[in-house]
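> Compute the structure for the input listed below.
(2 chains)
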2 protein chains.
Amino acid sequence: MRLEAEKMVSVSEAKKLIIENCDSPKTVELPLLEANGLILAEAVYSLIDTPPFNQSAMDGYAFSFDDWDKESGLNLTGEIQTGDHSERQLGSNETIRIFTGGAVPAGADTVIMQEKIKKDNNVIYIQDENIAKGNNVRLKGSQTKKGEISLRQSQLLTPAGISFLTGIGITSVKVFSKPAVSIIVTGKELTKAGNEISEGKIYESNSVGLVAALNQTGISPESVEIVDDVLDEIKNVVSKQLKSDILILTGGVSVGDYDLVPDALEQCGVKKIFHKVKQKPGKPFFFGVHEQTLVFALPGNPAAVMSCFYQYIVPAVSSFTQKNYFRKLKLPLADDYSKKPGLTYFLKGKTGEQDVSILKSQESYMMDTFAVADCLVELPEEKEYFSKGDPVNISMII
Amino acid sequence: MRLEAEKMVSVSEAKKLIIENCDSPKTVELPLLEANGLILAEAVYSLIDTPPFNQSAMDGYAFSFDDWDKESGLNLTGEIQTGDHSERQLGSNETIRIFTGGAVPAGADTVIMQEKIKKDNNVIYIQDENIAKGNNVRLKGSQTKKGEISLRQSQLLTPAGISFLTGIGITSVKVFSKPAVSIIVTGKELTKAGNEISEGKIYESNSVGLVAALNQTGISPESVEIVDDVLDEIKNVVSKQLKSDILILTGGVSVGDYDLVPDALEQCGVKKIFHKVKQKPGKPFFFGVHEQTLVFALPGNPAAVMSCFYQYIVPAVSSFTQKNYFRKLKLPLADDYSKKPGLTYFLKGKTGEQDVSILKSQESYMMDTFAVADCLVELPEEKEYFSKGDPVNISMII
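Reported below is the predicted structural model:
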């Protein structure tokens, strides 16, 4: 069900409305290395027994424990190099040279390590009081049996998991897929970085910041477009990009004469879920949906863009991938702080060993301290005064 | 100075010897998005004032506070769209329509927001008792001044930092460069994943696990080669790959007749720093150097490979990039545990809210629990018995 909030919503209402409008996650079959760090969408079953054969755990000599005559020693009749295989059944009081990872031949059940024997011509004498049947043999299937569940659904696929699955014959897995994301940046004042800047213009930084932040979640956007504050131009790129799972716009979302994004979205058939959130920065934040597409239209100030990305778009990405990206903490404030009531503040912060400091330059157009922040500190809507030591909610951003 | 340890070294000696043999970090100039998550090798200076002009913080009307006559109101004589620029000097009692981000015209110093005026024909009456000179104007250079240090050396470049630097005209930065890494996997028993497996063979998983783990540090290896246990073949690929900053080998490093890697490395001119570490898994771990190349030769068991990667190779990568990749924690053990003295154990673990559990399947050939581990628990060499609640050192691996 698509709920629509008519008025300015609280931060928690906004987050709830976004998650309610996320569809069930989609899945995709990927080669293991491309699935690194994603969440398994189904259980994985082993294709083989591992070890695939009785395997020596040592460099040494393989023999049959019950057929071994301590007095006369073992007759050394051959060698199996690791990777080779012998069809020959080992006879009584016979032994074969073997190495770590090697296939223990039929008839043998025990390996004595090479440091614990004495060799006389081709007779091996075991010099180990404690040797027991089965020593130094990794039995076939002792790690994993063919057809057995090896990793469960919802497991994060780690590098060690990839090593494990490769070892049991798996080359690809079904995971929850990353959303396709498009970015549209609006504003007549924007100049592309690297060019000369003329009077009245600023460098366009929001698309670059958003691409970098998306990269933190392993996503490369499908497209990044920069458009002027012209209704038809905005409508044109929006309608092209409504095929994405997530469409992010920046700028033009407030109430000025050239804030054309909400109208453009409406005319493109995007259903508004809410427009304006009781927060600072990012009050004019708009969220809507169009069929399967989630549409996030963020205010143009760069600090508002980055703050809204971490607070609202990352949870939406998580609803696709079923993965958490950034740690949430509760830490005491390093200093007193006061704010106006009525808005939730998201403040650029820096965590210390035991506390969190709120940085300078909190204005929504200022990025100098955001650049050195490692977290956003959330100060709740209703509260005005905060004392040093008060515990506050923190979202890490690195 | 290249120190060489003749005998089996402790874990802390091994770590110290590796770091001592790392050269000073190299630097590289990269476009901002490629430098995402790397460490600045030099300070960054702003190329422009930001804002680059006096900028309106609101949709409203710009005027000169001192020239304003409250009674007669302000004559609206034009409009400046954000992104435009007017050369005209504002006269006395004159105002111009302006929008957020717009260039405040010469002669004006204050902006009244559009919600706080009354308009009568083309005269604007301000309805705000508290309006003060300079309100709603972001002065040129109020965030950053041209030529000023904007980010310091050693700062981690974050997405917000990339947004910030783009806004002040920067398109590339000098960062500490990632090392070039090559991987050589040795073993006659190895079959490439996806193929049928014949008797005596196992699936080659170490290269895949290492590539996935390197990817966690943002590194894609330059080359991955799989070679047989044949001295000349190993020497051949080693001598080709000694151009890398870090060369990782797996397998063939123990004392069996086919453990040819130490000999191959010596014959290629690699100077041994140590061979064998008092640890489990990974006792036969070899470390050497060849000119600028660090050579890590790991035992072939997959759990030993992954454990040695996180314990020894990640710190070496950090010495190149000057960046920390995984958190170190101290947590109480969830259960009693005992081990043999004389070796440091690195055990597959899983952190809970308040403690850490040591998982089953700790044998070095077993990866089933490594696949669900989120950390390695380090139990020190000399200690034998550990009680529930004892604090232990933990390295996170995700």
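> alpha carbons only for contacts and neighbour counts from here, please
Will do.
> does A:D335 really touch A:G349, like I thought?
No - counting by C-alpha atoms under 8 Å, A:G349 is not a contact partner of A:D335; they are 11.7 Å apart.
> Looking at the two, which is more packed in?
Set A:D335 next to A:G349 and count neighbours by other C-alpha atoms under 10 Å in any protein chain shown: A:G349 wins out with 26 against 14.
> Now that one: closest residue in space that isn't a chain neighbour?
Distances taken as C-alpha to C-alpha, 6 or more residues apart in numbering or on different chains put A:I358 closest to A:G349, at 4.5 Å, once the chain neighbours are dropped.
> Now that neighbour, what are its backbone angles?
A:I358 adopts backbone torsions of phi -90, psi 130, taken as degrees, to the nearest 10.
> got the contact list for it?
A:333-335, A:347-350, A:377 (C-alpha atoms under 8 Å, 6 or more residues apart in numbering or on different chains).
> What of A:G200?
Going by C-alpha under 8 Å, 6+ apart, A:G200 touches A:189, B:52-53, B:82-85, B:102-103.
> how much space between the residue nearest to A:G349 and A:I98?
The gap separating A:I358 from A:I98 is 64 Å, by C-alpha to C-alpha, to the nearest Å.
> now swap in A:F287 and tell me
For A:F287, the distance to A:I98 - C-alpha to C-alpha - is 66 Å.
> More neighbours: which of those two?
A:I98 (29 against 25).
> hey, what's that one bridged with?
Legend: beta-bridge partners of A:I98 under DSSP bridges are A:G60, A:I80.
> all strands of the stretch 251-398 of chain A, in order?
A:271-275, A:279-280, A:286-290, A:293-298, A:328-332, A:337-338, A:344-351, A:356-358, A:375-379, A:385-386, A:391-396 (DSSP state E, counting those that start in this stretch).
> I'd like those strands as TSV, with mean pLDDT and distance to B:I112 appended.
Converted to TSV, the strands of the stretch 251-398 of chain A look like this (pLDDT from 0 to 100; distance: least, C-alpha to C-alpha, whole Å):
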stretch	mean pLDDT	distance to B:I112
strand A:271-275	97	24
strand A:279-280	98	20
strand A:286-290	98	25
strand A:293-298	98	24
strand A:328-332	97	38
strand A:337-338	98	25
strand A:344-351	98	24
strand A:356-358	98	30
strand A:375-379	98	28
strand A:385-386	98	29
strand A:391-396	98	35
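> Export stretch A:283-299 to PDB, keeping only CA atoms.
Extracted in PDB, the C-alpha atoms of stretch A:283-299 (Å, rounded to 0.1, in the frame of the first residue of the first chain):
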ATOM      1  CA  LYS A 283      13.700  20.200   5.200                       C
ATOM      2  CA  PRO A 284      12.300  20.400   1.500                       C
ATOM      3  CA  PHE A 285      13.200  16.700   0.900                       C
ATOM      4  CA  PHE A 286      10.600  15.100  -1.400                       C
ATOM      5  CA  PHE A 287       9.900  11.300  -1.700                       C
ATOM      6  CA  GLY A 288       7.600   9.700  -4.200                       C
ATOM      7  CA  VAL A 289       7.100   6.500  -6.200                       C
ATOM      8  CA  HIS A 290       6.400   5.600  -9.800                       C
ATOM      9  CA  GLU A 291       5.600   2.000 -10.400                       C
ATOM     10  CA  GLN A 292       8.700   0.200  -9.000                       C
ATOM     11  CA  THR A 293      10.800   3.300  -8.800                       C
ATOM     12  CA  LEU A 294      11.600   5.100  -5.600                       C
ATOM     13  CA  VAL A 295      12.100   8.800  -6.300                       C
ATOM     14  CA  PHE A 296      14.200  10.800  -3.800                       C
ATOM     15  CA  ALA A 297      14.300  14.600  -4.600                       C
ATOM     16  CA  LEU A 298      16.800  16.200  -2.300                       C
ATOM     17  CA  PRO A 299      17.400  19.900  -1.700                       C
END
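> Can you list the low-confidence ranges for chain A?
Residues of chain A that meet the criterion pLDDT under 70 lie in A:1-6.
> Just the closest of the contacts of A:G200 to B:L157, please.
B:P52 (23.2 Å; C-alpha to C-alpha).
> Can you get me a residue count around that closest one?
When neighbours are defined as other C-alpha under 10 Å, B:P52 has 26 of them.
> do A:E129 as well
7.
> mind checking how far it is from A:V28?
For A:E129, the distance to A:V28 equals 56 Å [C-alpha to C-alpha].
> Over to the residue in the stretch 1-150 of chain A positioned nearest to chain B. Which of the three states is it?
Residue of the stretch 1-150 of chain A nearest chain B, by C-alpha to the nearest C-alpha: A:G83 (3.4 Å). Following DSSP: H, G, I helix; E, B strand; the rest coil, A:G83 is assigned to coil.
> Quick one: residues contacting the nearest residue to it once chain neighbours are set aside.
Nearest non-adjacent residue to A:G83, counting by C-alpha to C-alpha, 6+ apart: B:E189, 3.4 Å away. By C-alpha under 8 Å, 6+ apart, B:E189 lies in contact with A:82-84, A:101, B:200-202.
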